[in-house]
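S.K.: From the sequence below, what's the structure:
(3 chains)
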Amino acid sequence: MVARPDLAAPAGGTAPAAAGGGFEVRLANFTGPFDLLLGLITKHELDITEIALAQVTDEFIGYIRGLQQLGQEWALDEASEFLVIAATLLDLKAARLLPSGEVDDDEDLALLEARDLLFARLLQYKAFKQVAALLGARLDEEAERFPRLVSLEPSFAALLPELIWKHTPEQFAALARKALEPREGPPTEVALSHLHAPEVNVREQAILLARRLRGSGPVPFRVLVSDAADTLVVVARFLALLDLFREAVIAFDQANPLGELLVRWSGPTEGWDDTRLSSGFDGTDDTHHPREAGQ
Amino acid sequence: MTAAGHSDNFPSAAPAVAGTHLDDGESPTQPGVDNLPGGVRAALEAVLMVTDEPLSEETLAAAVGRPMPEVRSLLRGLQREYDGYTGLGPVDGPDGSKVTEPTAAPRGFELRSVAGGWRIYSRAAFAPLVSRFVVDGQTARLTQAALETLAVIAYRQPVSRARVSAIRGVNVDSVVRTLTQRGLIEEAGTDPESGAFLYRTTHYFLERMGIGNVEELPSLAPHLPGLDNLADFEDLPY
Amino acid sequence: MTAAGHSDNFPSAAPAVAGTHLDDGESPTQPGVDNLPGGVRAALEAVLMVTDEPLSEETLAAAVGRPMPEVRSLLRGLQREYDGYTGLGPVDGPDGSKVTEPTAAPRGFELRSVAGGWRIYSRAAFAPLVSRFVVDGQTARLTQAALETLAVIAYRQPVSRARVSAIRGVNVDSVVRTLTQRGLIEEAGTDPESGAFLYRTTHYFLERMGIGNVEELPSLAPHLPGLDNLADFEDLPY
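M.R.: Presented below is the predicted three-dimensional model:
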C-alpha cells in the first residue's frame, strides 16, 4: 500500500522523478509538501474538502520514507514541513480507524481543527499555485513584446550635461569595497544568544547522581533533586537517571501510582566506570560549560 | 538613459516635470508644435522614439505642452492606428466608427500603456524574428518555485519571507534572492512587530506583466472555493 | 496618416495572433512571415523599432527571409510612408484613394539609411522638442546606485550584468544602460559559457578618475579584513 516515492507522481502530467535522485530532484517535481499532497489528491481524484485520505496518507508517508532512505541532505525546515503534514494526516487516518464516536472530547475537536487548518492551508496553496500559473502565462505572453529601448541618438546624447565627477581613486575604492562586501542578508535563523539559560550537562549530572547513590540505600527522587537550582537541572537529573537505568546500574521502586519514586543503586559497588556512560541526551562533548548545581 | 524622470538612476532634481510647461508663457517651443508637420500627434511619436521607459501621460503632456486629456486621446488614437484601425480622428471617436471603417494592416509595432506609462513595443507576433536582435530584457523563464513565490508576494505584499514560506510550505530564501536580483521584487521596509524584511513587487514587475498596477492582477477569490476570508487562516500556526 | 493597406498580406481576421506560427526551427528564413498580420513590411518594422544599431539590408533580408532587392524596396516604401508619402511605395497595394491623395501627415519618426544601415530615429523637425525633453530631469551627477555599480564593474571587469546583479542584490539593467550612455563603461565581448554580454570600463572612465589604467585603481584586498575568501565568493580573482 505504501507507494514508492517515484511512483507518487502528480496527476498534472509531470513525469516521475528519475530513480536515484536526491531530495532536490524531487522538489523539482513537487515544490513542497502542499504540492505533493495536492498531487496525490488529484491523482486519486479526491476533492480536497473530502476526508477520505487514508490512501493519500499512506502514499505521503511512503514518499517521506523514500526521502529518508534516499537523501540525507534535505533541509531541516523543509523536512519538518513534510513531517508536520504527515503527522496531521496520520492523526486523521488514525481517527478514522477508531470506532466512530461522538465528537465531544477535546482530542476529537483538536483533530477536527487540525484537519480544517490543513485543508485551509492546502486550499490556499492551491489558489496561489493556480494564480502562479496565470502569472507565468502572462509573463510568457508579454515576453514576446520587446520595448523600444535604444540608446540616444548622438545629437541628443551630446546634450547631456557633462558628468560631475569628484571621486578620488581612494574614494572610489571605498565604494567598491562597500559594494563588494558580501551582503548581510536578514537573519534566517532565530538567534539564541538572548537566551541566558545555563547549559546543563546530563552526563555530569549522571556522575553526580551515581556518586550519591552508590554509597547509600534507596533515595527518593524528591531528595535527589532537592538541591537543584532550577527546573533545567531537575530535568537533566531525570534524564541522567534514565541514562543510568539504561546502563542497568540503578533500579526504580514505586509503591503506587503517583507515589514516592525511590531510586537505588543496583550496579557493582566497586569498579563501576562512569566513562561507560554515553555523553547523554544533550549530545554535548563536555567542553561546554557544565554546571553542577549545589556543589 | 534618455527620458526625463529617471528617478532610478539620477536624483530627480526637478521631479515636477509635468505642469511646468503647460503655461504657454515660458515654454520655449510649444506654440510651434501645431505648425510642425504631423502636429502634436507626431510630436508624441518623436518623444516616444527616444525614451527607454514607460512615459506617464503627465510627462508626455509636459513634453508637448498640451493638456493631459488631449494627449491621452491622441495616444489612444495612435495605439488604434498602429493596430490597424485607421481613419479615426485624433480624438477617439465612438465605437461605431470602428466597425464601419475598414481595417488596415497593423504596424510591426504597438503602443501600449503599461505600468502607468506609454511605450512602444514590437508586436508580439514577430517575437521569433525580433528576439535575435535584442539582448536587453531577455530573461530566462522563472521556475515553478519562483513563480509561486512571486505570486504569493504579489498578492500579499508587503510580506515577509517567513509568511511566504508558511504559505508555500518550503523555505523561500534563495528564491526571494533570485527574484530580487531579477528586479521583480524589492525590499519594502521591515515589519514593525517582528522586524522581518518585507517584500513587494517592483515597477519592473508591472512592466513585465504588461499591467498598470497591482490591482489589475487577476482576482485570487475564484481560486479559493469555500474560503471566504483566507486572512483568517494564513497567520495561524498548524 | 494611415497605414498602407497590404490587403494581400493581411489575413482578414483578428490582427493580434500569438506568434506561434513561426517555429519552423532555427532557420533564418521565415516562410511564415507572409501569414503574420502586416506581412514582411510589418516584420521589418518590428525589427527596426527595437534594434539599437543600424541594420544592413543583408541582415534584414536574412531576418525576414526575403531577397535583398525586395527588402530594399520595402524599406524605401516605409521610409516614404513615414515621411508622409502614402500609397507611393513600389510594393504598395492598389488602394486607389491613397494614390490620389498626395501627402499625408508625416510620422514623428523617420527611417534613415546611415552608413550602410537602416535605423528609426525621431524626426529631425522635432529635435528642439525632443532635446528639451531629453535634457529635462537629467542631472550631471551619478546616483549612488550607479556609482556602486560602476565600482563593481571597475573591479570585476570584464563582467556580465547578471554577475553584477548577483553582487549588488538588485537588478542593474537600467543602471548599466545609464553608465553605457554616459560613456563610462562599454561592452567587451560575450562570456564564452553563458553568452552574456560582458562590460568593462572605458578610457573616458580612466580620464575622469585621473589614472592611466585599471591597474592603478587602489587595491581592495588590504581593506577587507576577514575576507580572504573574497575570490571564492566572487568566483573570479581580480
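S.K.: Checking my notes, residue B:187 in a strand, right?
M.R.: Yes: assignment of residue B:187 by DSSP: H, G, I helix; E, B strand; the rest coil places it within a strand.
S.K.: ok, and the closest non-adjacent residue to it?
M.R.: Leaving out its chain neighbours, the residue that sits closest to residue B:187 by Cβ to Cβ, 6 or more residues apart in numbering or on different chains is residue B:197, at 5.4 Å. (C-beta placed from N, C-alpha, C; glycine too.)
S.K.: thought the one you found was touching residue B:186?
M.R.: No: Residue B:197 lies out of contact with residue B:186 (Cβ atoms under 8 Å); the separation is 10.2 Å.
S.K.: Helix or strand with the lowest mean pLDDT in chain B?
M.R.: Across the helices and strands of chain B, mean pLDDT, DSSP states H and E gives its lowest value to helix B:96-100, namely a mean of 45.
S.K.: Show me what secondary structure element comes after that one.
M.R.: strand B:109-114 (DSSP states H and E).
S.K.: just for chain B, where's the confidence low?
M.R.: Residues of chain B that meet the criterion pLDDT under 70 lie in B:1-32, B:86-103, B:135-139, B:225-238.
S.K.: so where's the longest helix in it?
M.R.: helix B:68-82 (DSSP state H).
S.K.: Find out how far stretch B:151-164 is from the centre of the chain, if you would.
M.R.: Computed by Cα atoms, centre = their mean, to the nearest Å, the chain-centroid distance of stretch B:151-164 equals 21 Å.
S.K.: hmm, back to that, who does the residue nearest to residue B:187 form a beta bridge with?
M.R.: Beta bridges link residue B:197 to residue B:190, judged by DSSP bridges.
S.K.: count of neighbours near it?
M.R.: 19 (other Cβ atoms under 10 Å in any protein chain shown).
S.K.: what's the distance between the helix or strand containing residue B:128 and the middle of its chain?
M.R.: Using DSSP H and E, residue B:128 sits in helix B:127-130. Averaging C-alpha positions (Cα atoms, centre = their mean) puts helix B:127-130 22 Å from its chain's average.
S.K.: Which strands and helices lie in contact with it?
M.R.: helix C:39-50 (3 or more Cβ pairs under 8 Å, 6 or more residues apart in numbering or on different chains; DSSP states H and E).
S.K.: is the helix it packs on up against chain A anywhere?
M.R.: Yes: Helix C:39-50 is in contact with chain A by Cβ under 8 Å from any Cβ of the partner chain, via C:49-50.
S.K.: Is the longest helix of chain B in proximity to chain A?
M.R.: No: taking Cβ under 8 Å from any Cβ as the criterion, helix B:68-82 and chain A are apart, separated by no less than 12.3 Å.
S.K.: helices and strands around that helix, which ones?
M.R.: With contacts taken as 3+ Cβ pairs under 8 Å, 6+ apart, helix B:68-82 sits against helix B:39-50, helix B:57-64, strand B:109-114.
S.K.: quick one: contacts of the longest one?
M.R.: Under the criterion Cβ atoms under 8 Å, 6 or more residues apart in numbering or on different chains, residues A:148, A:152-153, A:156, B:2-3, B:33-34, B:36, B:38, B:55, B:60, B:63-64, B:66, B:70-71, B:74-75, B:77-78, B:90, B:111, B:118-120, C:105-109, C:120-123, C:126, C:129-130, C:133-134 lie in contact with helix B:39-50.
S.K.: What is the burial count for residue 113?
M.R.: By default, I'm working from chain A. Neighbour number of residue A:113 under other Cβ under 10 Å is 12.
S.K.: try again with chain B
M.R.: Residue B:113 has 19 nearby residues by other Cβ under 10 Å.
S.K.: Same question for residue B:213.
M.R.: Using other Cβ under 10 Å, residue B:213 has 10 neighbouring residues.
S.K.: Do I have it right that residue B:181 meets residue C:166?
M.R.: Yes: with contact defined as Cβ under 8 Å, residue B:181 counts as touching residue C:166 (5.7 Å).
S.K.: More neighbours: these two, which one.
M.R.: residue B:181 (19 against 16).
S.K.: Can you pull the phi/psi pair for the more buried one?
M.R.: Phi and psi for residue B:181, reported as degrees, to the nearest 10, are phi -60, psi -30.
S.K.: tell me the contacts of it?
M.R.: By Cβ under 8 Å, 6+ apart, residue B:181 lies in contact with C:162, C:165-166, C:169-171.
S.K.: Also residue B:143?
M.R.: Applying Cβ under 8 Å, 6+ apart, the residues near residue B:143 are residue B:175.
S.K.: and residue B:200, that one's in a strand?
M.R.: Yes: under three-state DSSP, residue B:200 falls within a strand.
S.K.: separation between it and chain C?
M.R.: 14 Å (Cβ to the nearest Cβ, to the nearest Å).
S.K.: do residue B:105 as well
M.R.: According to Cβ to the nearest Cβ, residue B:105 and chain C sit 4 Å apart.
S.K.: Quick check: that residue touching residue C:38?
M.R.: Yes: using Cβ under 8 Å, residue B:105 is in contact with residue C:38, at 4.6 Å.
S.K.: tell me which parts of the stretch 151-295 of chain A are close to chain C?
M.R.: Checking the stretch 151-295 of chain A against chain C by Cβ under 8 Å from any Cβ, the hits are A:151-153, A:155-157, A:159-165, A:167, A:169-170, A:172-183.
S.K.: Now, these that are in helices?
M.R.: Among those, the ones falling in helices (DSSP H) are A:155-157, A:169-170, A:172-180.
S.K.: would you turn these into CSV with neighbour count?
M.R.: Putting these into CSV (neighbours: other Cβ atoms under 10 Å in any protein chain shown) gives the following:
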residue, neighbour count
A:155, 14
A:156, 19
A:157, 16
A:169, 14
A:170, 11
A:172, 22
A:173, 19
A:174, 16
A:175, 20
A:176, 24
A:177, 17
A:178, 11
A:179, 23
A:180, 22
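S.K.: Those residues also near chain B: which ones?
M.R.: Contacts with chain B within those, counted by Cβ under 8 Å from any Cβ: residue A:156.
S.K.: Farthest pair within the ones in helices among the residues of the stretch 151-295 of chain A next to chain C?
M.R.: With distances taken as Cβ to Cβ, the most widely separated pair in these is A:155 and A:177, at 38.9 Å.
S.K.: Which helix or strand contains residue A:37?
M.R.: Applying DSSP H and E, one finds residue A:37 within helix A:33-43.
S.K.: pLDDT value on the closest residue to residue A:30 other than its chain neighbours, please?
M.R.: Excluding the flanking residues, the one nearest residue A:30 by Cβ to Cβ, 6+ apart is residue A:36, at 4.1 Å. Note on residue A:36: pLDDT of 81.
S.K.: can you check residue A:124 too?
M.R.: For residue A:124, the model assigns a pLDDT of 88.
S.K.: so it touches residue B:169, yeah?
M.R.: No: under the criterion of Cβ under 8 Å, residue A:124 makes no contact with residue B:169, lying 10.2 Å away.
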